[in-house]
Structure formats: C-alpha cells, structure tokens
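Trainee: Sequence first, then the predicted structure, then my questions.
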Amino acid sequence: MDKKANQTTREDFERIFHPQRLAIVGVSAEEDGARGFGTGMLNALNAMGFEGDIFPVNPKGGIFAGLTIYKRVEDIPEKIDFAIIAVAAKAVPEVLESCRKKGTAGAEILSAGFSELGTAEGKDLENKIRGIAAKGIRVVGPNCFGIYCPRSGLTLLPGPDLSRQSGPVAFLSQSGGMAIDFAHKGKWMGIAFSKVVSFGNGVDLRETELLRYLADDQETRVIGMYVEGIKDGDAFFQEIKYTSDKKPVIVCKGGLSLAGQRMVISHTASMGGSRIIWQSILRQVNAIQVQNLEELAEAALAFCFLPQGVFKQISVVGGGGALGVTACDAAETFNMEIPTLCASIQTRVGHLLPKPGSSGTNPIDVANPFVEPKVLKKILRVTAEDKQIDLQIIISLLYHYKTMARLLGKPVSQVAPYRELAEGLRDVVKETGKPIVVILANPKRGVDDLDIVEMLALARREFLDRGLPVFDELHEAIRAIGHVNAYYARRNTKNE
C-alpha cells in the first residue's frame, strides 16, 4: 500500500465506521429542504437510532429536528469524527477542507457532479477533493450513498429502515443502488452486515484499501463486492489475494459486455475491463465470481450458515417426480453428486415414507405434501447415517397447506407447521453434525396468494433463527453450495 494508506490507522477507521460526533453538511430547516440529501440523511439516522452526537450544518442556520444548525463546520464545538457532505458539487472542496482542519477522520460525499459527467469542470472538482484527501482526511465518494454500519447506526442514503442487527457480511460497491438493494435483500434473506460501503467514484477510499481493512476486521467473515472498474490493477490483485486467503470474497463485476462498459463509464467514470482477464484474475486469487446481485446474496448466505468445508455428496428430500432429474442435473453442473443411498438406509427410509408413490433412494420423494414434521425429522436423521452424505437439502411444500387452511377456516400461517419443522431440522443438525439447507418453494405468488407469501416469510425467519439457510429454488441452493465447495477446495489444496 502507499504511504497514505499506511498512515490510516485502525483508530481512524473506527472513527469513520463508529463515529461518536457526526457532522451533516447540507441540512435545511426550510420546508423545501426536507427533500434534500442532507436532511434525508439526518432523518434516516434518527430513524436508525444513531446514538452519537449529530451536528447539522447550513449557512442559513436555524433549527431542525430539535438540533441547532451550525452555519459553518468551524462553528461546531471541538473536533468531529466523521462528516456527511450533501451540498452542491462546486461547494464540496471548501466544505471538505473545513472538515479536514476540524480533525475529521473521514467524510462521505453524497453529492454528484464530478468526473462521472465527463466534463472538465467535474474532473477539476474531483481532483481538488483528491488533493484535500491527500493532506489527511479519508473520503468515501463522491457520487455515492455512503456507509451502512448496523452496530453504530450509520445508514446508506436513503436507508431509514435497514436492520440494526450486526453480522458477518461486508459489502463494497461502486453503485449506491446496488448497495442499498443488497442491504434490503439481506434483511429478509437472513444476511446480517458488519459494514456496507458505497464508494461511488472512489476518489480516495475504494475497493483496494477497503479490502485490506476488511481482511483484518474481526466483525467480518465474508466480503461481497460490486465492482465496475479499478484504478490500480496490481494493488487490487495483491489485496484481494491477501484477503481471500483469510476469508471468502465474492465478486460481481459490472461492465464486462460492450454495452455494460459504456454504462459504467457514465455511471462512475470507470473502465469495465475484459471478461476473460477478470475471470482469470479472480480464479488465481480464489475469489468467487458471480453474475448478479441475487447470486451474490445466495453465495453470502451459504458462506454464513454452512460450516467451512467441501460438501460433495448430498441428499435431497422433497416431492414430485421431476425432483430427481432437476436435482441430479444441478448437482452435476456444480461438481456435486446425489448418490444412491446404501440398501439398509433405503429400506429404513422406505418404512417411514407414505404410500403409494414415494421413493427412498436419493433424491427421496415423499410423494405427499402433508408429511408431518416428525416424520421428515426421522427421514433426515436416518439419511444422515449414510457415510456418503455430507449435506442434506429439504424441499418444503408448505404452500400446499393453504388447501387445508381453507377447509379449517383458518389463516395458512396458523395451519402450516413451519415452526415444528424448523425445530426438528435443527435437532437433526445437532445430532448428526451434517448441515441441512431448506428450500421454501412457492409457485403461488399472485394477488390471491399473498397469505402464502406472508406465511413463507414467517417460516423463513423460523429456519434462519435456528441456523438453517433458506433458498427459494433448488438450483439456487446447489449453486451457492458449489461456490462454498470451490472456495474451500482451492484453499485446502493451496495449504497442503
């Protein structure tokens, strides 16, 4: 790393991610100012329950949300840890310099209007920001959504309803939209975050140095990235290699197509790069490459919930004749196998299955969507005794319980036995030591079936709370498990 990076201490990063004294430059007490980014961030921080001191700044002064608005950064008593800047682009350099002189460790610049415009004026303003940063203040942005850190209560723009639950996943993104979408997606999928950074144009702090910080961050176990372009290829290669030796790094690279490259230039003034070169680099450093945000989230979920290891042979329990074909095809695609269970296990499973139409081989076809959780628990416990099996997948058919709910005149959320099933699966994992992955299949997502969607959301939370990862589709789960396998297999080979 360069000289400046070496001068940025862990204490500096602590002040950035967990500030006790925070300035927001661009808060307005006027009614039409309520739509501004600065005012929006103040409202979002209050909604998140940020516990530090907040100092709004605007040349007009005034009072907003019970807080005195200071006319200048210099007027704030004592030093501040972090600043959020949301003013017109031409005013940003002067504000940033005032923050630097105030002893601020870092600032996020939400304002746009810099190099992404492709104009001489925009590039000149960005160069001024870069020069100020080089004198001793770290900058996130400009043209970004900022930082989300659940433990401190920092949130992205516009993020008043993100989770305050801290967790093991960090996410670095050039795109603000990707950052906020991933944070929201994680909230319902069961992914909890340590830090999310939308760094936009990346005039100062960006993917390379943030990777090094997260590699040694004790709160972070998995790192996701959305990258459009990088500034220093050699430095990026070294840092992602260093980081992926310690923990999984999952990369979604934007701008690999010709059309995509044109878009990223106008988005964050970055160069997309060659698909083949990126694939080669990421494979060399044992980073996981994914195609979109959904695949990134699924991979992150698997890395969070599954033990470190390689799961080559799996069992699949579900219903439907096409299950076997789908499961086996997906497993083979990702270098896994669904082996035939040994004869004695097949016999014991067969005795537990309802008749007719069921099959106790592997995949196990339960034939009946209303098999009781206690029976499914027994099936999975017996299947786990087969020494071939590393991991089990169960495809839940809970959506069928709407038929039963209608007959009983009750809401489906009161009829579907998802809590009992979650408890049973957790017990099997504890007893056998073999992980279980849950598929909450649901082909019914229309307006007439919103009660099913609600029930499955409640069910998802029950499974997640018991340490069981949940996916919507079988192929998504197998693909995510395949990413886990690939990472740990390569790492194990390297360490041998």
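Mentor: Okay, I see it.
Trainee: May I see the buried residues of the longest strand along the chain?
Mentor: Taking DSSP state E as the criterion, the chain has its longest strand at strand 166-173. If you call a residue buried by 16 or more other Cβ atoms under 10 Å, then strand 166-173 has these buried ones: 167-173. Where you see a C-beta, it was placed from the backbone N, CA and C, and this is true even at glycine.
Trainee: Please name every helix or strand in contact with the helix or strand hosting Ala83.
Mentor: Under the criterion of DSSP states H and E, Ala83 resides in strand 82-85. Counting contacts by 3 or more Cβ pairs under 8 Å, 6 or more residues apart in numbering; DSSP states H and E, strand 82-85 is packed against strand 21-25, helix 92-101, strand 106-109.
Trainee: As JSON lines, those with mean pLDDT, distance to Ser198 and mean neighbour count would be great.
Mentor: What follows is the helices and strands packed on strand 82-85, written out as JSON lines (pLDDT from 0 to 100; distance: least, Cβ to Cβ, whole Å; neighbours: other Cβ atoms under 10 Å):
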{"stretch": "strand 21-25", "mean pLDDT": "98", "distance to Ser198": "17", "mean neighbour count": "24"}
{"stretch": "helix 92-101", "mean pLDDT": "98", "distance to Ser198": "17", "mean neighbour count": "21"}
{"stretch": "strand 106-109", "mean pLDDT": "98", "distance to Ser198": "8", "mean neighbour count": "28"}
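Trainee: Adding distance to Glu462 as columns, could you present the ones you listed in TSV?
Mentor: Shown next, in TSV, are these (distance: least, Cβ to Cβ, whole Å):
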stretch	distance to Glu462
strand 21-25	37
helix 92-101	46
strand 106-109	37
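Trainee: ok so, going back, relative to the strand holding Ala83, what are the paired strands and their orientations?
Mentor: Note on strand 82-85: by DSSP bridges, its sheet partners are strand 21-25 (parallel), strand 106-109 (parallel).
Trainee: Check the offset of it from the chain's centre.
Mentor: The chain centre lies 24 Å from the centre of strand 82-85; the measure is Cα atoms, centre = their mean, to the nearest Å.
Trainee: just the CA coordinates of it, formatted as PDB?
Mentor: Extracted C-alpha coordinates of strand 82-85, given in PDB (Å, rounded to 0.1, in the frame of the first residue of the first chain):
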ATOM      1  CA  PHE A  82     -17.000  11.800  10.600                       C
ATOM      2  CA  ALA A  83     -18.800  14.100   8.200                       C
ATOM      3  CA  ILE A  84     -21.600  13.600   5.700                       C
ATOM      4  CA  ILE A  85     -21.400  16.100   2.800                       C
END
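Trainee: helices or strands next to the helix or strand where Leu45 lies in the packing?
Mentor: Here Leu45, judged by DSSP H and E, is contained in helix 37-48. Other helices and strands packing on helix 37-48, by 3+ Cβ pairs under 8 Å, 6+ apart, are strand 21-25, strand 53-57.
Trainee: how about TSV for those strands, with distance to Ala235 added?
Mentor: Output for these, formatted as TSV (distance: least, Cβ to Cβ, whole Å):
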stretch	distance to Ala235
strand 21-25	30
strand 53-57	35
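Trainee: By mean pLDDT, which helix or strand of this protein comes out lowest?
Mentor: helix 258-268 (a mean of 46; mean pLDDT, DSSP states H and E).
Trainee: next helix or strand past that helix?
Mentor: Later in the chain than helix 258-268, the nearest helix or strand by DSSP H and E is helix 275-284.
Trainee: and after that next one, which helix or strand comes next?
Mentor: Following helix 275-284 in sequence, per DSSP H and E, is strand 288-290.
Trainee: follow-up on the earlier one: strands paired with the longest strand of the chain, and their directions?
Mentor: Checking strand 166-173 against DSSP bridges gives partners strand 193-198 (parallel), strand 222-227 (parallel).
Trainee: what's it in contact with?
Mentor: 150-151, 179, 182-183, 186, 191-199, 207, 210-211, 214, 217, 219-227, 300, 304 (Cβ atoms under 8 Å, 6 or more residues apart in numbering).
Trainee: Just the buried ones from those?
Mentor: Applying 16+ other Cβ under 10 Å to the contacts of strand 166-173 flags 150, 179, 182-183, 186, 191-199, 207, 210-211, 214, 217, 219-227, 300, 304 as buried.
Trainee: In this structure, which helix is the longest?
Mentor: In the chain, with assignment by DSSP state H, the single longest helix is helix 474-495.
Trainee: show me what contacts the residue sitting furthest away from the middle of the chain?
Mentor: Largest separation from the mean C-alpha position in the chain: Pro356, at 43.1 Å (Cα atoms, centre = their mean). Pro356 is in contact with Ala367, counting by Cβ under 8 Å, 6+ apart.
Trainee: How about Leu96, nearest residue that isn't a chain neighbour?
Mentor: Ile132 (5.0 Å; Cβ to Cβ, 6 or more residues apart in numbering).
Trainee: Next: Gly190.
Mentor: Leu464 (3.9 Å).
Trainee: three-state assignment of that neighbour?
Mentor: What DSSP: H, G, I helix; E, B strand; the rest coil gives for Leu464 is helix.
Trainee: what about Ile478, distance to Gly318?
Mentor: 13 Å (Cβ to Cβ, to the nearest Å).
Trainee: ok, those two, which is more surrounded?
Mentor: Between Ile478 and Gly318, counting by other Cβ atoms under 10 Å, Ile478 is the more crowded of the two (25 against 22).
Trainee: And the more buried one, how far from Asn485?
Mentor: Ile478 is 10 Å from Asn485, by Cβ to Cβ.
Trainee: wait, Leu125 sits on Ala89?
Mentor: Yes: look at Leu125 against Ala89 with Cβ atoms under 8 Å: they come within range, at 5.6 Å.
Trainee: where does this protein have low pLDDT?
Mentor: The chain contains residues with pLDDT under 70 at 1-7, 31-35, 255-273, 320-322, 496.
Trainee: so what are the domain limits for it?
Mentor: 3-302, 307-495 (automatic domain parsing).
Trainee: Run through the strands of the stretch 201-350 of the chain in chain order.
Mentor: 222-227, 249-253, 288-290, 314-318 (DSSP state E, counting those that start in this stretch).
Trainee: same for the shortest one, what does it pack against?
Mentor: Strand 288-290 sits against strand 249-253, helix 275-284, helix 293-305, helix 474-495, with contacts defined as 3+ Cβ pairs under 8 Å, 6+ apart.
Trainee: Reformat those as CSV; add distance to Thr8.
Mentor: Formatted as CSV, these follow (distance: least, Cβ to Cβ, whole Å):
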stretch, distance to Thr8
strand 249-253, 21
helix 275-284, 25
helix 293-305, 26
helix 474-495, 28
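Trainee: These: which one's closest to Leu376?
Mentor: Closest approach to Leu376 among the helices and strands packed on strand 288-290 (Cβ to Cβ): helix 474-495, 16.5 Å.
Trainee: what's that closest one in contact with?
Mentor: Residues contacting helix 474-495 (Cβ under 8 Å, 6+ apart): 244-245, 248, 250, 286, 288, 290, 294-295, 298-299, 301-303, 306, 308-312, 314, 316, 318, 323, 326-327, 330-331, 333-336, 391, 393, 395, 437, 439, 441, 469, 471.
Trainee: follow-up on the earlier one: how far does the longest strand of the chain sit from its chain's centre?
Mentor: For strand 166-173, the distance to the chain centre is 6 Å (Cα atoms, centre = their mean).
Trainee: How about stretch 213-229?
Mentor: That offset, for stretch 213-229, works out to 10 Å (Cα atoms, centre = their mean).
Trainee: Quote the end-to-end distance of it.
Mentor: By Cα to Cα, to the nearest Å, the extent of stretch 213-229 from end to end equals 19 Å.
Trainee: May I have the longest strand of the chain as PDB, with CA atoms only?
Mentor: As requested, the backbone C-alpha atoms of strand 166-173 are provided in PDB (Å, rounded to 0.1, in the frame of the first residue of the first chain):
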ATOM      1  CA  SER A 166     -24.900  -6.600  13.100                       C
ATOM      2  CA  GLY A 167     -23.400  -9.600  11.300                       C
ATOM      3  CA  PRO A 168     -20.500 -11.200   9.400                       C
ATOM      4  CA  VAL A 169     -21.000  -9.900   5.900                       C
ATOM      5  CA  ALA A 170     -19.300  -6.800   4.400                       C
ATOM      6  CA  PHE A 171     -20.200  -5.400   1.000                       C
ATOM      7  CA  LEU A 172     -18.200  -2.900  -1.100                       C
ATOM      8  CA  SER A 173     -20.000  -1.300  -4.000                       C
END
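Trainee: With that, I have no additional questions.
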